[in-house]
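> Task: produce atomic coordinates for the following.
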Amino acid sequence: MSKSFWQFLTVAVFLGLFSSPFTFADNTVYKWTDEDGGTHYGARPPKGKQSSAIKPKTGHSEPVDYTHFSGDTPKETVQTKNATNTDSAAKDPERCEAAKSNLEILSRGGRVRAPVEDGSFIYLDEEQIADRIEQAQRAVDESC
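Purely as a prediction, here's the structure:
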């Protein structure tokens, strides 16, 4: 098997270990390179090899303020904030131009293709195109 396969497998195992609930107790990982130039990761440093300790960064980088979830804020203040957010979104020239462009392309007629989850494309039927035109018109109305 090729060297790149083993490197891929090593990285996949490394990522799998950190995505599981059973991570290392102190969250320190050791990285070292073998004599063939392959990079390895482990919970303990290897004996007789130069290694570097990696301390993964977890959690929030700054404290999070959860006071806005406490329910102490009057409804008028929440509504004012929502109105302000809507107004600032409405003044977004980049979104406006993108929405206009989408509306123009959809309104030309002809076949329209759209990406799907697996990365391939499908052609939209008339009803789907009409829905997309409606969405684009709403975006233009909100952004411009």
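> Can you name the next helix or strand after the helix or strand of the chain with the lowest mean pLDDT?
The weakest-scoring helix or strand in the chain, judged by mean pLDDT, DSSP states H and E, is helix 75-90 (a mean of 52). Going down the chain from helix 75-90, the next helix or strand is helix 93-107, by DSSP states H and E.
> So what are the sheet partners of the helix or strand that comes right after that following helix and their directions?
Using DSSP H and E, the next helix or strand after helix 93-107 towards the C-terminus is strand 113-115. Using DSSP bridges, the strands paired with strand 113-115 are strand 121-123 (antiparallel).
> which of the residues in the following helix or strand past the strand it pairs with are buried?
Scanning forward in sequence from strand 121-123 by DSSP H and E, the next helix or strand is helix 126-143. Neighbour counts over helix 126-143 (16 or more other Cβ atoms under 10 Å) mark Ile129, Arg132, Ile133, Ala136, Ala139, Val140, Ser143 as buried. Placement of C-beta: from N, CA and C, glycine included.
> do stretch 110-123 as well
By neighbour count on 16+ other Cβ under 10 Å, the buried set for stretch 110-123 is Val112.
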